[in-house]
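K.L.:
Dropping a prediction and its sequence here:
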Amino acid sequence: MTGTGGSVDEKTVTKNSGRLTALDGLRGLAAVVVLLHHSLYTNPDFPGAPGGGHAPVGSPMWWISYTPLKLATAGVESVIVFFVLSGLVVTLPVVRRRGFDWVAYFPRRVVRLMVPVTASVLLAAAWVAAIPQVSTQPSGTWLSNSSTPNFSWEYIVKAVDLLGGDGQINNPLWSLRWELAFSLLLPVFAIAALAVRKWWIGGLAVSCALTWLGARAGSAELEYLPAFFVGAVIAVRLDVVRNAAARINRRWFRHPLWALLTVGSALLLIAPWLVGPSVGQLPELDAVLKGLVPLAAAGLVVAALGWTPLRVVFESRPFQFLGAISFSLYLVHVPIIIFSTYLFADQAWYVPLLFAIPVAVLVAVAFTWLIEKRSHGWSKAAGAWASARYQAWFGPEEDASERSGARAEARESASADR
């Protein structure tokens, strides 16, 4: 969840306890929430949807939007969870390994992101071209905005261009822009996180303040990038977090305390929705609550790592399966939803979703196997090649046998990862 490994789905290895598998499960849950979020966006009455959906008090849409049930469709908030997870898992190797190979990192990371992104764009183009996308909904709704009635090859180029293009044919790519930006700025984030290691509370406070400022001023950079820094702060203090969790887990009040953290973080994540429709009339309060969303996401991450019952749930097979396909599901689901909406255009709004959701999961499974897993191997090979070239050109002199052995080791590593 990379959104992010790739973006939202980097697998994490720690020195003392193996992979943080619970975070894979959390990422899988967040991906499902995003899927449901976009599914309900096809209904223009869904609150929060572009075009200003309205739900009468007491209606089903009201209940799933302005009560804790919102957690099931809190798509934008789940993307912030992805960002915090990416900040944690991408920064962790930097602060854990002495002599981190930056030469290998950049091509490895770019390949790891761009191969699945490019493949998802080509797949999205196929879904768009498969059926005319002429929306019958009013202009300004999510479906109208996300449809592409006059498709041409230029949309493919714009979608692949994460930094300067647009994701018209594959809406979720907006978040990959920030994943890529964070990846390229990782040295800055890592140094800043290390600098506030002892003053981590201040670091989190500054992150929330910048997020608030971004939400208030309409600056996407300020609203989204601080979430990655929150994850980076967790990375530099991960041992402290886990030691504190171990101490808490020896106390009688461990379950009430962890439950309080989990429930409190979950409710804080959707706090603007719990205020109700009137929060739109209180822009200052809305911005303040949005500024606290990265902190809420961090609370969920810490709870997933520290609370044994929650960790067991996220490490279960269903959640691990969702975690394994989370990045692929995130990349492929929206074009399938839109295609299904037009395929069943004469049916009730929810009928296309009965087709789209299982198809999206099946396509994500295939995409994971065909594209994403192979991108791991290709990214490692690209990083090993770049590192070897750098050593050959700028590194200390070494004999031919040592260079040959290094190349063979890099090939074996890339092959094994496939």
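P.N.:
Nice, I can see it. Just so you know, these numbers come straight off a predicted model, no measurement behind them.
K.L.:
correct me, but G264 touches G299?
P.N.:
Yes - counting by CB atoms under 8 Å, G264 does reach G299; the two are 6.8 Å apart. Any C-beta I mention is one placed from the backbone N, CA and C, and that applies to glycine too.
K.L.:
Using neighbour counts, pick out the buried residues of stretch 98-117.
P.N.:
Under the neighbour-count criterion of 16 or more other CB atoms under 10 Å, stretch 98-117 has 101, 103-117 buried.
K.L.:
Quick check: mean pLDDT of it?
P.N.:
If you average the pLDDT over stretch 98-117, you get 94.
K.L.:
re earlier: ok, of the buried residues of stretch 98-117, which one's closest to F319?
P.N.:
P116 (21.2 Å; CB to CB).
K.L.:
which of G264 and G299 has more neighbours?
P.N.:
Applying other CB atoms under 10 Å to G264 and G299 shows that G299 carries more neighbours, namely 21 against 14.
K.L.:
thinking F151 is in contact with A130, fair?
P.N.:
No - using CB under 8 Å, F151 is not in contact with A130; the gap is 10.1 Å.
K.L.:
who's more crowded, those two?
P.N.:
F151 (16 against 12).
K.L.:
In contact with the more buried one, which residues?
P.N.:
A125, V128, A129, Q133, I169 (CB atoms under 8 Å, 6 or more residues apart in numbering).
K.L.:
Validate this expectation: it resides in a helix.
P.N.:
No - under DSSP: H, G, I helix; E, B strand; the rest coil, F151 sits outside any helix and is assigned coil.
K.L.:
quick revisit: save the contacts of F151 as CSV, and put in distance to G75 too.
P.N.:
Shown next, in CSV, are the contacts of F151 (distance: CB to CB, whole Å):
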residue, distance to G75
A125, 23
V128, 21
A129, 26
Q133, 21
I169, 19
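K.L.:
Mind giving me the PyMOL select for these, buried ones only?
P.N.:
Burial among the contacts of F151 is assessed by 16+ other CB under 10 Å; the matching PyMOL selection reads:
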select buried, resi 125+128+133+169
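K.L.:
among the contacts of F151, which are in helices?
P.N.:
Applying DSSP state H to those, the entries found in helices are A125, V128, A129.
K.L.:
buried stuff in whichever strand or helix holds F82?
P.N.:
Using DSSP states H and E, F82 maps to helix 75-96. Neighbour-count burial for helix 75-96, counted by 16+ other CB under 10 Å, picks out 75, 77-95.
K.L.:
if we can go back for a sec, from the contacts of F151, which is closest to V33?
P.N.:
Closest to V33, out of all of those and judged by CB to CB, is I169, at 22.7 Å.
K.L.:
Was I right to think that closest one contacts L122?
P.N.:
No - between I169 and L122 there is no contact under CB under 8 Å: 9.9 Å.
K.L.:
Tell me the residues that contact both of these two, please.
P.N.:
Common neighbours of I169 and L122 (CB under 8 Å, 6+ apart) are I156.
K.L.:
sec struct for W378, please.
P.N.:
helix.
K.L.:
The nearest residue to it once chain neighbours are set aside: which element?
P.N.:
Leaving aside its sequence neighbours, W378 sits nearest to V111 (CB to CB, 6 or more residues apart in numbering; 5.6 Å). Following DSSP H and E, one finds V111 within helix 102-130.
K.L.:
starting at the chain centroid, how far to whichever helix or strand comes after that helix?
P.N.:
Using DSSP H and E, the helix or strand that directly follows helix 102-130 along the chain is helix 142-146. Centroid separation between helix 142-146 and its chain, computed with CA atoms, centre = their mean, to the nearest Å, is 22 Å.
K.L.:
And stretch 244-263, by the same measure?
P.N.:
27 Å.
K.L.:
And that stretch, what's buried?
P.N.:
A245, I248, R254, W258, L261, T262.
K.L.:
coming back round to it: hmm, which two among the contacts of F151 are most spread apart?
P.N.:
A125 and Q133 (12.0 Å).
K.L.:
List the buried residues in the host helix or strand of S328.
P.N.:
For S328, the host element (DSSP H and E) is helix 317-343. Neighbour counts over helix 317-343 (16+ other CB under 10 Å) mark 319, 322-342 as buried.
K.L.:
confidence score at the nearest residue to V33 once chain neighbours are set aside?
P.N.:
Of all residues not flanking V33 in the chain, S78 sits nearest, at 4.4 Å (CB to CB, 6+ apart). S78 carries a pLDDT value of 97.
K.L.:
now S78: how far from V84?
P.N.:
11 Å (CB to CB, to the nearest Å).
K.L.:
go on, P50?
P.N.:
Relative to V84, and taking CB to CB, P50 is found at 25 Å.
K.L.:
quick revisit: nearest to V275, of the ones in helices among the contacts of F151?
P.N.:
Once CB to CB is applied, the member of the ones in helices among the contacts of F151 that ends up nearest V275 is V128, at 37.1 Å.
K.L.:
For the closest one, which residues are in contact?
P.N.:
With CB under 8 Å, 6+ apart, V128 has these contacts: T148, F151, Y155, I169, P335, I338, F339.
K.L.:
Moving C-terminal from the helix or strand hosting N243, which element do we reach first?
P.N.:
In the assignment (DSSP H and E), N243 maps to helix 238-248. Later in the chain than helix 238-248, the nearest helix or strand by DSSP H and E is helix 254-269.
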